[in-house]
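Trainee: my questions concern the predicted model and sequence given below.
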Amino acid sequence: MSVFPVSYLEKLQKQILASPYLSVNNLNRDFVDTQGFSIVFQRAGIPQVEERFPFLSPYLQRVLLPDCNAFYLNPLLLKQGSRVDPHIDRSLRSYCKTIDPPAWVSVLYLHLPTPLAGGSLILKSGKKQVGSILPQVNQLLYFQGNLTHAVTPLKSQGIRLSLVCEQYLLEAKALPEIPEFTLESRLLPRY
């Protein structure tokens, strides 16, 4: 089932690929030969995200879960040979050291090579595999944030582009440690 009109998906893809923040991924070493950038925000920071990235507004309205209060959103671009090794998301840990995994992780697939070989999302609970998802363009999925997940090496030529959003339900004492809105990219100056 398609989540967004094709024209909006194409707009998202175009804006992300043209972003001045798109670079070698700022995520950890599990993201092998991938590109992206990250937007960190609290629910109160959504207007700032929409002001800086107006093209994300329909996406945010559709994808963000109402119970969640902190978010780590990143476009994830893989090319032939890229992969994501098994991990559990805790990307907000750089702001709050004792953070639990997100309540949910959402993934929207924007572009895939045709034909697609590799690039599957593998989900595990402990050592037991609980899912293997071959992505489809305009597919939106949610999985529990405490699941170990990976993306198999992309064998096709072309790109695999998705929007990944870690959605957290933080306790009141942890929420102030998370920026209301900030960007993370290797192309931004570090102070």
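Mentor: Ah, there it is.
Trainee: against which helices or strands is the longest helix along the chain packed?
Mentor: Looking across the chain with DSSP state H, the single longest helix is helix 6-17. Contacts defined by 3 or more Cβ pairs under 8 Å, 6 or more residues apart in numbering; DSSP states H and E place helix 6-17 against strand 70-87, strand 104-111, strand 159-168. Quick note: C-beta positions are derived from backbone N, CA and C, even for glycine.
Trainee: which strands border the longest one, and is each parallel or antiparallel?
Mentor: So that's strand 70-87. As defined by DSSP bridges, the strand partners of strand 70-87 come to strand 31-36 (antiparallel), strand 38-42 (antiparallel), strand 148-151 (antiparallel), strand 159-168 (antiparallel).
Trainee: now the last one: mean pLDDT?
Mentor: I take that to be strand 159-168. Taken as a whole, strand 159-168 carries a mean pLDDT of 97.
Trainee: ok, now which ones touch L116?
Mentor: Taking Cβ atoms under 8 Å, 6 or more residues apart in numbering, we find L116 in contact with 134-135, 156, 160.
Trainee: what sits against the residue nearest in space to the middle of the chain?
Mentor: Centroid-nearest residue in the chain, with Cα atoms, centre = their mean: V164, separated by 1.8 Å. Taking Cβ under 8 Å, 6+ apart, we find V164 in contact with 73-76, 105-107.
Trainee: which parts of stretch 48-57 are buried?
Mentor: 48-50, 53, 56 (16 or more other Cβ atoms under 10 Å).
Trainee: nearest to L92 among those residues?
Mentor: V49 (15.3 Å; Cβ to Cβ).
Trainee: quick one: V164 and S57, what's the gap?
Mentor: To S57, V164 is 18 Å away according to Cβ to Cβ, to the nearest Å.
Trainee: correction: L76
Mentor: L76 is 20 Å from S57, by Cβ to Cβ.
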